[in-house]
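*Asks:* Kindly return the folded structure for what I paste below:
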Amino acid sequence: MKVVTVATAALLTGCVVSSPITQTAGDNYRVDSRVHLCSWCDAEARSLKMANTFCAKTGRTAEVTQGHGMNYGGNQVTDTTFFTCIPKPPADGYN
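*Replies:* Alright, predicted model coming up:
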């Protein structure tokens with residue numbers, strides 16, 4: 001019974017898998033994401049979240065320099081995002 005419960009939970013939650021973030025050159029990075037068994041998941045959103053989490057560790061935010069992916073049924077199922085980490089803008093929006 002546990003196997004059926006775990007398998008059902010896995011199918012219902014879907015799966016978004018991301019590669020480790022890799023440095024491409026200088027302060028430029030790459031992350032790849034892929035969606036499996038999830039009609040409401042978005043690989044691009046996952047890549048952007050990973051990039052912002054990575055940059056936040058140094059008090060910065062991610063700026064996408066290039067990205068591409070594949071759509072299926074209206075959802076982005078694969079994504080490759082290239083990004084760099086830039087200083088966070090001031091909270092009030094002014095420099």
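*Asks:* Nearest spatial neighbour of Asp42, chain-adjacent residues omitted?
*Replies:* Nearest non-adjacent residue to Asp42, counting by C-beta to C-beta, 6 or more residues apart in numbering: Gln76, 5.2 Å away. C-beta: built from backbone N, CA, C; applies to glycine.
*Asks:* by contact count, what packs against the one helix or strand the one you found maps to?
*Replies:* Element membership for Gln76 (DSSP states H and E) is strand 75-87. Contact here means 3 or more C-beta pairs under 8 Å, 6 or more residues apart in numbering; DSSP states H and E; on that basis strand 75-87 packs against strand 28-36, helix 43-56, strand 60-72.
*Asks:* Using CSV, write out every CA atom in that strand.
*Replies:* This file holds the C-alpha atoms of strand 75-87, laid out as CSV (Å, rounded to 0.1, in the frame of the first residue of the first chain):
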residue,chain,number,x,y,z
ASN,A,75,3.7,24.9,-20.9
GLN,A,76,7.5,25.4,-21.1
VAL,A,77,8.8,21.9,-20.6
THR,A,78,12.5,22.6,-21.1
ASP,A,79,14.5,25.7,-20.4
THR,A,80,18.1,26.8,-20.5
THR,A,81,18.8,30.1,-18.8
PHE,A,82,22.0,32.1,-19.0
PHE,A,83,22.4,34.8,-16.3
THR,A,84,24.6,37.1,-14.4
CYS,A,85,24.3,38.3,-10.9
ILE,A,86,23.9,42.1,-10.5
PRO,A,87,23.4,44.4,-7.5
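*Asks:* Quick one: mean pLDDT over it.
*Replies:* If you average the pLDDT over strand 75-87, you get 91.
*Asks:* What pairs with that strand, parallel or antiparallel?
*Replies:* Using DSSP bridges, strand 75-87 pairs in its sheet with strand 28-36 (antiparallel), strand 60-72 (antiparallel).
*Asks:* which residues touch Asn71?
*Replies:* Residues in contact with Asn71 (C-beta atoms under 8 Å, 6 or more residues apart in numbering) are Val77.
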